[in-house]
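Novice: I would like the atomic coordinates for the input below:
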Amino acid sequence: IPTKMTIDHNNQNEIMDILNERLNRGEYLRKLRKLIEEEELSIVSENSSDDDIVQENDVVNVLSDEMGNDLTVLQYDSFLSHQRYYDDCKHIDISLIDYNFSIDTNNEDPSIVPYARLLISQDKTIGKPGMCWDAGFILAEHVIAKRENWISKNNSTDPKKKSYFPRIVELGAGTGLAGIALAKALKCHVTVTDLPEVMSLIQYNIDLNFKNVNRTRSLVYGNKITGNDFYGEAVAKTLRWGHSEDYDGAPYDVIVGGDVIASLYDPVALAMTFYALSGPNTSIYVSYKRRLDEYFQRFEIAMKSLFNKFNIVQPRSRNINPDVMIIEAGEKAMYKGIGSVHIQTPAAKAA
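Specialist: Now for the predicted structure:
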């Protein structure tokens, strides 16, 4: 009796059918999420104090665009030096944040760049997806720190060869912080995904970091074009969870998601999206905030049904937000039937 089996076509269709059934519910939840975000945004603008968040010892530079407009740039490392609050970038009223990445390579690994400038713009008008969150930055630094694990897994020869270009997809990217950071710091191809209404912000941030001086939205910063300090590449793409037509490009070598386990998302549909985008050697990294136990438990049960590896670890990052943890998953399992995916919470079982 064989010990390993691949998923047959019928079972794959079964998975897609389940995801499509959840689509209508997902659309409703997205509309509800937008209403909640609009309310939260009004609270943020009423209660935020930029003077309290950005302090004297923060380094704020001025950057000029091609039209001669001056844009203020906050150096994130100076901001971290006095980190008193967490997830406080939503209070920052500065044009751009420079999430610079310094990586000690010992000059031995040509697959990563020693320093990567990462410019990210926020757009508070679109709600939570338009703001920078600790979980995205922490996720990027953790995946970079663990690069040897997933590079070696997906390359049977020499990971330092220039021909090796791991394929990464980010789900629920928002500003694109995590995915763009990976493309800036590592030699990889990153597909940065979210819903259609977030695409313009993601594309703008990609342009900030990758387009050269002869293209629109490229910026001069300290007499150096921002696109000069990167090894990888990034593209923006719409990917709706549960829509199999958006899954072209799968399977990916690495899948990442920053703070995508939340009450307004279907945790089982999310887990099955990870499954549909995975191959046998795919590595999955998810940052999440310790909250919403019921939703996390449902996500954890679904992931453990679909993958043989599921670990929760402390993140490796300069940002010390104590509420953010990292999930490391992988080793795609044989599909075990619909029963293993339809999950009842303890409350539902008691009812």
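
Novice: Tell me which residues of the helix or strand hosting residue 326 come out buried.
Specialist: Residue 326 is located in strand 324-332, with elements delineated by DSSP states H and E. Buried residues in strand 324-332, counted by 16 or more other C-beta atoms under 10 Å: 324-330, 332. Any C-beta I mention is one placed from the backbone N, CA and C, and that applies to glycine too.

Novice: remind me which residues of the stretch 251-351 of the chain are low pLDDT?
Specialist: 263-264, 292, 335-351 (pLDDT under 70).

Novice: Tell me which stretches of it form helices.
Specialist: 267-276, 293-306, 346-350 (DSSP state H, counting those that start in this stretch).

Novice: Need those helices in JSON lines (columns: mean neighbour count and distance to residue 211).
Specialist: JSON lines is the format used below for the helices of the stretch 251-351 of the chain (neighbours: other C-beta atoms under 10 Å; distance: least, C-beta to C-beta, whole Å):
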{"stretch": "helix 267-276", "mean neighbour count": "24", "distance to residue 211": "30"}
{"stretch": "helix 293-306", "mean neighbour count": "19", "distance to residue 211": "36"}
{"stretch": "helix 346-350", "mean neighbour count": "8", "distance to residue 211": "50"}
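
Novice: any chance of these in JSON lines, plus distance to residue 94?
Specialist: Listed next are those as JSON lines, based on distance: least, C-beta to C-beta, whole Å:
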{"stretch": "helix 267-276", "distance to residue 94": "32"}
{"stretch": "helix 293-306", "distance to residue 94": "33"}
{"stretch": "helix 346-350", "distance to residue 94": "44"}
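
Novice: Distance of residue 270 relative to residue 290?
Specialist: 17 Å (C-beta to C-beta, to the nearest Å).

Novice: swap that for residue 84, please
Specialist: For residue 84 relative to residue 290 (C-beta to C-beta), the value is 20 Å.

Novice: Under the pLDDT cut-off, which ranges of the protein? List them.
Specialist: Scanning the chain with the threshold set as pLDDT under 70 gives 1-57, 65-67, 90, 102-116, 153-164, 212-230, 263-264, 292, 335-351.

Novice: Neighbouring strands - and their directions - for the lengthiest strand in the chain?
Specialist: Secondary structure of the chain per DSSP state E: the longest strand is strand 278-289. Listed by DSSP bridges, the sheet partners of strand 278-289 and their directions read strand 252-258 (parallel), strand 324-332 (antiparallel).

Novice: of all the ones you listed, which lies closest to residue 275?
Specialist: strand 324-332 (6.8 Å; C-beta to C-beta).

Novice: any residues touching the strand holding residue 326, and which ones?
Specialist: Strand 324-332 has contacts (C-beta atoms under 8 Å, 6 or more residues apart in numbering) with 134-135, 138-139, 142, 146, 259, 274-275, 278-290, 303, 306-315.

Novice: neighbour count winner among residue 84 and residue 290?
Specialist: Using other C-beta atoms under 10 Å, the more surrounded residue of residue 84 and residue 290 is residue 290, with 11 against 8.

Novice: Quick one: residues contacting the more buried one.
Specialist: Residue 290 neighbours (C-beta under 8 Å, 6+ apart): 323-325.

Novice: again with residue 132
Specialist: With contact taken as C-beta under 8 Å, 6+ apart, residue 132 is in contact with 89-90, 97, 120, 122, 174-175, 177.

Novice: One more pass at 10 Å, please.
Specialist: Residues near residue 132 by C-beta atoms under 10 Å, 6 or more residues apart in numbering: 76, 87-90, 92, 97, 99, 120-122, 174-177, 258.

Novice: cool, residue 260 as well?
Specialist: By C-beta under 10 Å, 6+ apart, the contact set of residue 260 is 135, 170-174, 241, 267, 270, 273-274, 286-288, 299.

Novice: Next: residue 171.
Specialist: Going by C-beta under 10 Å, 6+ apart, residue 171 touches 178-179, 191-194, 239, 241, 255-258, 260, 270, 273-274, 277, 284, 286.

Novice: For it, what are phi and psi?
Specialist: Backbone geometry at residue 171, expressed as degrees, to the nearest 10, gives phi -100, psi 140.

Novice: quick one on the thing from earlier: biggest separation within the buried residues of strand 324-332, which pair?
Specialist: The largest separation in those, counting by C-beta to C-beta, is between 324 and 332 at 25.6 Å.

Novice: which one of the helices of the stretch 251-351 of the chain lies closest to residue 183?
Specialist: Here helix 267-276 is closest among the helices of the stretch 251-351 of the chain (C-beta to C-beta), at 20.3 Å.

Novice: circling back to that earlier point, just give me the closest of the contacts of residue 290 to residue 199.
Specialist: Here the nearest of these to residue 199, counting by C-beta to C-beta, is residue 324; it sits at 26.0 Å.

Novice: how about the helices of the stretch 51-200 of the chain, start to end?
Specialist: Secondary structure of the stretch 51-200 of the chain (DSSP H, counting those that start in this stretch): helices located at 76-80, 134-145, 147-153, 177-185, 199-210.

Novice: What is the last one packed up against?
Specialist: Spelled out, it's helix 199-210. strand 119-121, helix 177-185, strand 189-194, strand 219-221, strand 233-238 (3 or more C-beta pairs under 10 Å, 6 or more residues apart in numbering; DSSP states H and E).

Novice: any idea of the angle that helix forms with strand 233-238?
Specialist: With axes from the mean of the first three to the mean of the last three C-alpha atoms, to 10 degrees as the basis, helix 199-210 and strand 233-238 are set at 180 degrees to each other.
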